[in-house]
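**Student:** okay, here's the prediction I keep looking at, along with the sequence it came from:
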Amino acid sequence: MNEASVIVLDANGQQLSSTTAKKARKLIAQGKAALVSEDPLTIQLPYSVELPPQPAEVQKPGEGKRILLHICCGPCSTYPIERLREEGFEVTGFWYNPNIHPWQEHQRRRESVQKYAETVGLPVIWHENYEMPLYFRAVAGHEKFGERCRICYRMRLEKTARVAAEGGFDAFTTTLLISPHQDQAMIRQIGEEVAEEWKVAFYFENFRRGWSERGRLTREHDLYRQQYCGCIYSEWERYNEGYIDELLAGTNTESTSNESTGE
């Protein structure tokens with residue numbers, strides 16, 4: 001018999017920490033314990049012991065739930081996928097980003113997502129069409145930063161909510177919540193609004209705490225790292241800081257010098 005396998009009970013029959021056969025026999029001989037059984041060797045103490053309460057098992061928020069994760073790019077998908085799985089969710093990705101321009105940039109980011117999804121075993125629903133014209137029609141007249149972002153967030157989150165509802169998912173969320181360059185409060189507000197419309201829960205979590213992990217995983221998996229948010233306006237702002245605001249304000253629609261022509 002294992003030297004530390006003797007069953008020890010208190011006066012109420014509550015099982016305590018086990019002891020060795022040598023110690024058990026000594027307690028019996030001294031009248032400090034009664035023999036209950038030889039096989040398995042079990043003894044009972046003449047007094048009761050109050051044990052500390054067992055900590056309640058904390059149920060993870062995603063236990064037994066399916067969530068649809070809108071993915072904006074490969075790097076931003078890394079930490080959220082990992083985190084949602086830790087929270088117990090069964091995660092499925094969703095690709096829908098009509099804001100990404102030009103076409104080759106859209107495809108390059110899509111391929112990056114596909115590469116990472118295959119690596120981590122993530123099923124992905126790919127929206128079949130590239131709906132760039134819908135994006136431009138929606139933001140026409142609202143091209144300023146912030147205005148167009150609100151429209152862009154709604155387009156993508158509304159589509160995600162619809163697919164989640166139709167697919168029987170318990171919730172949906174987005175990788176946009178990891179980026180410090182995105183308006184997290186606006187994303188949350190819109191997410192909750194479209195959740196109400198489609199009767200499916202929007203799961204909010206501040207994924208920004210995983211920003212450094214995002215960087216590590218991006219390097220580890222050699223994922224494509226884009227240089228601007230996605231739309232042609234964000235690319236313009238990235239490389240021509242300030243001019244787009246002047247243009248949209250109607251203050252500088254033409255060059256006032258010949259410097260650009262070299263004359």
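**Tutor:** It's in.
**Student:** next up, phi/psi of L9, please.
**Tutor:** Main-chain torsions, L9, degrees, to the nearest 10: phi -120, psi 150.
**Student:** what residues are bridge-paired with the residue nearest to it when sequence neighbours are not counted?
**Tutor:** Distances taken as C-beta to C-beta, 6 or more residues apart in numbering put Q44 closest to L9, at 4.4 Å, once the chain neighbours are dropped. Every residue, glycine included, has its C-beta placed from N, CA and C. In this entry, Q44 is beta-bridged to L9, A34, by DSSP bridges.
**Student:** so Q44 is in contact with I28, correct?
**Tutor:** No: the pair Q44 / I28 is not scored as a contact, 10.0 Å apart, by C-beta atoms under 8 Å.
**Student:** what's the overlap in contacts for those two?
**Tutor:** Taking C-beta atoms under 8 Å, 6 or more residues apart in numbering as the contact rule, Q44 and I28 both touch A34.
**Student:** residue contacts, the residue nearest in space to the middle of the chain?
**Tutor:** By C-alpha atoms, centre = their mean, the chain has its centre lying nearest to P80, at 2.7 Å. Neighbouring residues of P80 by C-beta under 8 Å, 6+ apart: L69, T173, T175, L177, I178, F207, G210.
**Student:** could you check how far the first one is from N206?
**Tutor:** Distance, L69 to N206, using C-beta to C-beta, to the nearest Å: 15 Å.
**Student:** for these two, indicate the residue with more neighbours.
**Tutor:** Higher neighbour count among L69 and N206: L69, with 25 against 10, using other C-beta atoms under 10 Å.
**Student:** mind listing what the more buried one touches?
**Tutor:** With C-beta under 8 Å, 6+ apart, L69 has these contacts: S77, P80, I81, L84, V91, T92, G93, F94, F172, T173, T174, T175.
**Student:** again with H142
**Tutor:** Taking C-beta under 8 Å, 6+ apart, one finds R148, I151 in contact with H142.
**Student:** how is it assigned, secondary-structure-wise?
**Tutor:** coil (DSSP: H, G, I helix; E, B strand; the rest coil).
**Student:** likewise for L177?
**Tutor:** L177 ends up helix, using three-state DSSP.
**Student:** domain ranges for the chain?
**Tutor:** 7-44, 66-244 (automatic domain parsing).
**Student:** out of these, which one sits most buried?
**Tutor:** Burial of the domains of the chain is given as mean neighbour count (mean count of other C-beta atoms under 10 Å); domain 66-244 ranks first at a mean of 18.
**Student:** which pLDDT value belongs to the residue nearest to the centre of the chain?
**Tutor:** P80 is assigned a pLDDT of 98 by the prediction.
**Student:** for the one 4 residues further on, same thing?
**Tutor:** L84 carries a pLDDT value of 98.
**Student:** what's the answer for S37, then?
**Tutor:** 88.
**Student:** equivalent analysis for the one 3 residues further on, please.
**Tutor:** The confidence metric pLDDT takes the value 89 at P40.
**Student:** state the phi and psi torsions of it.
**Tutor:** According to degrees, to the nearest 10, P40 has phi -80, psi 150.
**Student:** contacting residues for the nearest residue to S17 once chain neighbours are set aside?
**Tutor:** Nearest residue to S17, sequence neighbours excluded (C-beta to C-beta, 6+ apart): V8, at 6.7 Å. If you count contacts by C-beta under 8 Å, 6+ apart, V8 has them with Q15, L16, S17, S18, T19, A24, A33, T42, I43, Q44, L45.
**Student:** quick one: contacts for V49?
**Tutor:** D10, Q14, L16.
**Student:** ok, V200 next?
**Tutor:** A161, A164, A165, F169, D170, A171, F172.
**Student:** one more: V91?
**Tutor:** With the criterion set at C-beta under 8 Å, 6+ apart, V91 makes contact with I67, L69, I81, L84, R85, L122.
**Student:** give me the below-cutoff pLDDT ranges for this protein.
**Tutor:** Under the criterion pLDDT under 70, the flagged ranges of the chain are 1-4, 241-263.
**Student:** could you pull out the helices for it?
**Tutor:** 21-29, 74-86, 103-120, 132-139, 147-166, 184-198, 211-220, 232-239, 243-248 (DSSP state H).
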